[in-house]
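Engineer: Structure, please.
(one chain, ligands or ions: 2)
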Amino acid sequence: MTKVLIAGFTGAMGQKAVRLVQRTAGYELVAGFAAGLTSTTPADYDLPANVQIFGALDDIQTDADIWIDFTLPSVVYPNVKFAIEHGIHPVVGTTGLTDEQVTELQALAAKQQLGGLIAPNFGMSAVLLMKFAKEAAAYFPDVEIIEMHHDNKADAPSGTALSTAKLIDEVRPKHKQGNPAETESLAGVRGGDYNGIRIHAVRLPGYVAHEQVLFGGPGEALTIRQDSFDRESFMTGVKVAMDNVLDLNELVVGLENVL
Ligand SMILES: NC(=O)C1=CN([C@@H]2O[C@H](COP(=O)(O)OP(=O)(O)OC[C@H]3O[C@@H](n4cnc5c(N)ncnc54)[C@H](OP(=O)(O)O)[C@@H]3O)[C@@H](O)[C@H]2O)C=CC1
Ligand SMILES: O=C(O)C1=N[C@H](C(=O)O)C[C@H](O)C1
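Structural biologist: Numbers count the residues shown, from 1 in each chain. Ligands and ions are numbered 1, 2, ... in the order given. The predicted structure is shown next:
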């Protein structure tokens, strides 16, 4: 039986992950971790009595094999560091880790000879969107990204949009796009700028997670779009990660690398 701890177990994604672990043969939920808890009684979260509930990182004592993290950009780094230092394989969906933090965590995982996975998006449609966008960018170097999310989202741009921009940046011919004399009469109206790639973030009730990559060329355009209408869409990828993470011997970034 593979034992799982879920960090952020009370959140929108954490709750989906709890149900995934509970319904999947071969896995056992042994612990839940979240901040701001009013109780550490498992029954108060509809969890069996043997599930340990932790409200602070320093309190965690567990024999979990896997640490699933769906928390907040502000806490994901210490969480994953803690997991690796305690020999728990991290499966990280939380966004917001900087490139430097990922490099540090990879070095720590290598030192501990521990495998893990960080995925900016566990949804198949988003993984494919990023793959197709990278392919298209070699032929359509002029591109902008629009990501659309629910209005509870803490961070902007989305981790997926940033990853998409990084993948596009790896292949697209280096050039300046748009009008070099362009001005903004309304601050921020042209979006964020990742190496010349504009990213626009929309936050609205009713949305879950959506992304469009717009390519423009002389007389034509290509739009690639993905929609996650339900957070259940991310669970396919989380299950793939759980099934593979114990066999990894490094901290891998991107679900596509374990598919
Ligand atoms: N990779 C992917 O496929 C996906 C990634 N995400 C990412 O996952 C993350 C979580 O998203 P979502 O579930 O919507 O967010 P929620 O706000 O719904 O949940 C956040 C969770 O983290 C907990 N938390 C808050 N502060 C701390 C802390 N200091 N230590 C430990 N736990 C803490 C919250 O507990 P409490 O409620 O008690 O404050 C809650 O359980 C985000 O970064 C989001 O971008 C989301 C969807 C898919
Ligand atoms: O906060 C969310 O909801 C999501 N976060 C991830 C991101 O920032 O890319 C993945 C997905 O977009 C949903």
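Engineer: give me every residue that touches the residue of the chain found nearest ligand 1.
Structural biologist: For the chain, the residue closest to ligand 1 is G11, as judged by C-beta to the nearest ligand atom, at 2.0 Å. (C-beta placed from N, C-alpha, C; glycine too.) Applying C-beta atoms under 8 Å, 6 or more residues apart in numbering to G11 gives the contacts 34, 70-71.
Engineer: what do you get for N79?
Structural biologist: Contacts of N79 (C-beta under 8 Å, 6+ apart): 7, 33, 57, 67, 69, 71, 94.
Engineer: In this structure the fifth one contacts T94, no?
Structural biologist: Yes. Checked against C-beta atoms under 8 Å, the pair D69 and T94 is within contact range at 5.0 Å.
Engineer: Between those two, which contacts overlap?
Structural biologist: Listed as contacting both D69 and T94 by C-beta under 8 Å, 6+ apart are 8, 76, 79.
Engineer: Narrow the residues you listed to those in helices?
Structural biologist: 76, 79 (DSSP state H).
Engineer: now, among the shared contacts of D69 and T94, which is nearest to E182?
Structural biologist: For the shared contacts of D69 and T94, the residue nearest E182 by C-beta to C-beta is V76; the value is 35.2 Å.
Engineer: if we can go back for a sec, what is the nearest of the contacts of G11 to ligand 2?
Structural biologist: Checking those against ligand 2 by C-beta to the nearest ligand atom gives F70 as the nearest, at 9.0 Å.
Engineer: List the contacts of the closest residue to the closest one other than its chain neighbours.
Structural biologist: Nearest residue to F70, sequence neighbours excluded (C-beta to C-beta, 6 or more residues apart in numbering): M13, at 3.6 Å. M13 makes contact with 70, 93, 231, 234, according to C-beta under 8 Å, 6+ apart.
Engineer: The closest residue to the second one other than its chain neighbours - how many residues pack around it?
Structural biologist: In other words, G93. Excluding its sequence neighbours, the residue lying closest to G93 (C-beta to C-beta, 6+ apart) is F70, at 4.9 Å. F70 is flanked by 26 other residues according to other C-beta atoms under 10 Å.
Engineer: Any of the contacts of N79 buried? List them.
Structural biologist: 7, 33, 67, 69, 71, 94 (16 or more other C-beta atoms under 10 Å).
Engineer: Paired strands for the helix or strand I145 falls within, with orientation please.
Structural biologist: Using DSSP states H and E, I145 sits within strand 143-149. Strand pairing for strand 143-149, using DSSP bridges, gives strand 197-203 (parallel), strand 209-217 (antiparallel).
Engineer: Could you export these to JSON lines, including columns for mean pLDDT and mean neighbour count?
Structural biologist: Converted to JSON lines, the strands paired with strand 143-149 look like this (pLDDT from 0 to 100; neighbours: other C-beta atoms under 10 Å):
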{"stretch": "strand 197-203", "mean pLDDT": "98", "mean neighbour count": "18"}
{"stretch": "strand 209-217", "mean pLDDT": "98", "mean neighbour count": "20"}
